[in-house]
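**Q** quick one, structure for this:
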Amino acid sequence: MKFLLYAILVLLLVTAIVGFILFGGPSGSRISLEFSDLGEVVAGQSFATEVSFSNNTDEVLKNARLSITLPDDVYFVGESEEQRVIEKIVGDIGPASLGKESFNLVATYHDESVREIKARLVYSAVSNERVAFETLSSKEFKTGRSAVNLEFEAPESVFSGENFEVKVKYRNAAGKNLKGLTLRADYPAVFKFDESTVKPDQGNNVWENINLNLDEEREFVIKGSMIGEQGSSFDLKFSVLADISGQNYLMTENLATIKVSEAPLTVSVSVVGVGGVSIPSSENSPGGYVTVLSDSLRYQLTYKNNAQAVFKNVNLKVKLAGEMFDFTSLKSDGSFNFFDKTITWTSGNVAKLSEIGPGDGGEVFFDIKVKDNFNIKRLSDKNYKLKTEAQIDSTSLPEGFGGSKLISVDKLETKVAGGLSIESKGYFRDAASGILNKGNFPPKVGGATQFTVHLQVLGLAADVSGVEAVVPLASGIKWTGVVKSNSGGDPIYDSVSNKVSWKIDRVLANKGVVGEPIEAIFQIEFIPTISQVGQVVNLLGEASVKGEDMFAGVVLSDTDDKIDLNLPDDATVAGSPKTVQP
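**A** Prediction:
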């Protein structure tokens, strides 16, 4: 009973102390912390916020420190963009006194208009300077508009290679004169800049030191073209930045999405013939299969005039990329440039390209092989692709087509499957494995002779998952149960099927080509019978392995020959008889 009363008293005391720290002392409702009214904040314009604090208690607040924390896209003027919190030392705050601190901020353009700024006052009391108290406050504010209105006019769609214009318009909406603005354009990689009616100050996309009077509006035009695949789309983004205390802050931004529409001249590239053992895998390769080493590929470029006009002097090109192409095997009617790996067809070698009428088209072909071997030097030498980019253009355009050149492109990537191999080796003397084999070699009738079997699994040029190796024991061969591996899982013997299986979750690409291979070792035992005298007896059947290529998404497999008493991998028995002895 006394123990229970003692426990209750301790609990009440702890509760009182915690309550004092959290809710008691001078930090109660008599300590106030408030933000000034911010009104509507204009993006890209600096503004000041004041934080007021008051001590309505009869105690001195010691060593007070005031800090504010900013939301995303709001910054302290003159500080690094990484500076998200600033703290000011207030010192002692006497009874019935108040004070305030001012912070100079800038809010940049943001999709969300409502943001929240937070303040924190930390202090201690004269009665207990070891305990810290805090008072919190927050303030929401809106950034309803930007200091600059930014608009532009751009086409919704263009042909690949067609020249087009983008008109950029910007206006001062700050309610005062603006100085030192920067306008920046971010082009996609496929955009080709031709000219601007106002010359850029840096490169082809930055205009600096722009001064705008109150309500002043300006505009200029950018001209260029884009080369892309039919149906693809690209963003052109424009931004206006303000220079405040030597740093640029985003005032506003806008973007246009331009789609590449069906071109009057189109080209497509595909693989229409294979001479090897390509593996079906329509999900993983646009060509409908995954190619393999030593494969022979026939590519087809199909071109067509979709317009009601005649195109003259048409050129076809295809650029090949991928270190698994065997460029020495290339066969084509086109002209091949070995240095940039490009095949070109013109009216000089394809007469039909001199003039293509409405609705007309045709095909050209080239043949090439996949290399016979992977050139593996590092673990990262994996996930190989064969890339082709076809292009058609006409430099002699009919009336009504803008620009001096019309281009259409198409791309194709074909994955090269990796390899999975298994190698089985048998040993009588195998001290290096740490397993001691007993018995005679060559084996004698009635006597038990033990052997160790090494299984090595190798994945080439791709990670392989769900790997399983299987090797059957020959008739009369026993499993001893001695086993080890460096893969994290040991082989398992099934007495019903008389097979050994070894499962590996994942075989990393090129492990074994670079570094030690994945290996399992198990021991078997053989007791010859009189009927086997003079025979080279089989110890194991054919070993097999299969798993899924994690890059190409296809099943890989391999086999290795059976193992018999010849033991070709055991150099210690090279001169011994290989048949069962009486």
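**Q** alpha carbons only for contacts and neighbour counts from here, please
**A** Fine.
**Q** on contacts alone, who are the packing partners of the longest strand belonging to the chain?
**A** Secondary structure of the chain per DSSP state E: the longest strand is strand 128-146. On a contact count with 3 or more Cα pairs under 8 Å, 6 or more residues apart in numbering; DSSP states H and E, strand 128-146 meets helix 2-23, strand 31-35, strand 40-43, strand 114-125.
**Q** again, only this time at 10 Å
**A** helix 2-23, strand 31-35, strand 40-43, strand 61-69, strand 97-107, strand 114-125, strand 247-260 (3 or more Cα pairs under 10 Å, 6 or more residues apart in numbering; DSSP states H and E).
**Q** could you export it as PDB, CA atoms only?
**A** Output in PDB follows, covering the C-alpha atoms of strand 128-146 (Å, rounded to 0.1, in the frame of the first residue of the first chain):
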ATOM      1  CA  ASN A 128      14.800  29.000 -13.500                       C
ATOM      2  CA  GLU A 129      17.400  29.900 -16.200                       C
ATOM      3  CA  ARG A 130      18.100  26.200 -16.900                       C
ATOM      4  CA  VAL A 131      14.700  25.700 -18.400                       C
ATOM      5  CA  ALA A 132      14.000  26.900 -21.900                       C
ATOM      6  CA  PHE A 133      10.500  28.100 -23.000                       C
ATOM      7  CA  GLU A 134       9.200  28.900 -26.400                       C
ATOM      8  CA  THR A 135       6.300  30.700 -28.100                       C
ATOM      9  CA  LEU A 136       5.300  30.000 -31.600                       C
ATOM     10  CA  SER A 137       3.400  31.900 -34.300                       C
ATOM     11  CA  SER A 138       2.700  31.700 -38.000                       C
ATOM     12  CA  LYS A 139       1.300  33.800 -40.800                       C
ATOM     13  CA  GLU A 140      -0.200  32.900 -44.100                       C
ATOM     14  CA  PHE A 141       0.200  35.200 -47.100                       C
ATOM     15  CA  LYS A 142      -0.700  35.200 -50.800                       C
ATOM     16  CA  THR A 143       1.300  35.800 -53.900                       C
ATOM     17  CA  GLY A 144      -1.600  36.500 -56.100                       C
ATOM     18  CA  ARG A 145       0.400  38.000 -59.000                       C
ATOM     19  CA  SER A 146       3.800  38.600 -60.400                       C
END
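**Q** what lines up beside it in the sheet?
**A** Strand pairing for strand 128-146, using DSSP bridges, gives strand 40-43 (parallel), strand 114-125 (antiparallel).
**Q** of those, flag the one that's most buried.
**A** Ranked by mean neighbour count, the strands paired with strand 128-146 are led by strand 40-43 with a mean of 21 (mean count of other Cα atoms under 10 Å).
**Q** residues in contact with that one?
**A** For strand 40-43, contacts defined as Cα atoms under 10 Å, 6 or more residues apart in numbering pick out 47, 73-74, 106-110, 113-114, 141-148, 173-174, 242, 249-252.
**Q** out of these, which are buried?
**A** Using 16 or more other Cα atoms under 10 Å as the burial test, these include 47, 73-74, 106-110, 142-143, 145-148, 173-174, 242, 249-252 as buried.
**Q** ok, which of the strands paired with strand 128-146 comes nearest Ser329?
**A** strand 40-43 (61.4 Å; Cα to Cα).
**Q** so for that closest one, mean pLDDT?
**A** Regarding strand 40-43, the rounded mean pLDDT is 79.
**Q** dump the helix or strand just after that strand to CSV, restricted to CA.
**A** Sequence order places strand 46-55 as the next helix or strand after strand 40-43, per DSSP states H and E. Below are the C-alpha coordinates for strand 46-55, written out as CSV (Å, rounded to 0.1, in the frame of the first residue of the first chain):
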residue,chain,number,x,y,z
SER,A,46,11.2,42.3,-52.0
PHE,A,47,9.0,43.0,-48.9
ALA,A,48,9.6,43.4,-45.2
THR,A,49,7.8,41.5,-42.5
GLU,A,50,7.8,42.6,-38.8
VAL,A,51,7.5,40.3,-35.9
SER,A,52,6.4,41.9,-32.7
PHE,A,53,6.8,40.3,-29.2
SER,A,54,5.6,41.4,-25.8
ASN,A,55,6.1,40.3,-22.2
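**Q** ok and strand 46-55 relative to strand 128-146, angle-wise?
**A** With axes from the mean of the first three to the mean of the last three Cα atoms, to 10 degrees applied, the angle from strand 46-55 to strand 128-146 works out at 150 degrees.
**Q** mind listing what's buried along strand 46-55?
**A** Buried residues in strand 46-55 (16+ other Cα under 10 Å): 46-47, 51, 53-55.
**Q** by contact count, what packs against that strand?
**A** By 3+ Cα pairs under 10 Å, 6+ apart, strand 46-55 packs against strand 31-35, strand 61-69, strand 74-76, strand 85-93, strand 97-107, strand 114-125.
**Q** could I get those as a markdown table with mean pLDDT and distance to Lys484?
**A** Output for the helices and strands packed on strand 46-55, formatted as a markdown table (pLDDT from 0 to 100; distance: least, Cα to Cα, whole Å):
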| stretch | mean pLDDT | distance to Lys484 |
| --- | --- | --- |
| strand 31-35 | 88 | 70 |
| strand 61-69 | 90 | 59 |
| strand 74-76 | 88 | 61 |
| strand 85-93 | 89 | 57 |
| strand 97-107 | 87 | 64 |
| strand 114-125 | 88 | 61 |
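**Q** per the record, what domains does this structure have?
**A** 27-145, 147-260, 265-415, 419-573 (automatic domain parsing).
**Q** where in the stretch 101-250 of the chain is pLDDT low?
**A** 111-113, 127, 144 (pLDDT under 70).
**Q** still on that earlier bit, quick one, which of the helices and strands packed on strand 128-146 is nearest to Val290?
**A** In terms of Cα to Cα, the element of the helices and strands packed on strand 128-146 nearest to Val290 is strand 247-260, at 28.9 Å.
**Q** partner strands of the closest one and their direction?
**A** strand 157-158 (parallel), strand 233-244 (antiparallel).
**Q** pull out the buried positions in it.
**A** Using 16+ other Cα under 10 Å as the test for burial, strand 247-260 gives 248-253, 255-256, 258-260.
**Q** now do stretch 348-360
**A** For stretch 348-360, burial by neighbour count (16+ other Cα under 10 Å) applies to 350, 352-354, 356-357.
**Q** end to end on that stretch, go ahead and measure it.
**A** Stretch 348-360 has an end-to-end distance of 19 Å (Cα to Cα, to the nearest Å).
**Q** same thing with stretch 42-59?
**A** Stretch 42-59 has an end-to-end distance of 41 Å (criterion: Cα to Cα).
**Q** and it, how far from the chain's centre?
**A** 45 Å (Cα atoms, centre = their mean, to the nearest Å).
**Q** thinking again about what came up before, out of the helices and strands packed on strand 46-55, the one nearest Thr182 is which?
**A** Here strand 97-107 is closest among those (Cα to Cα), at 16.4 Å.
**Q** buried stuff in the closest one?
**A** Residues of strand 97-107 classed as buried: 105-107 (neighbour count, 16+ other Cα under 10 Å).
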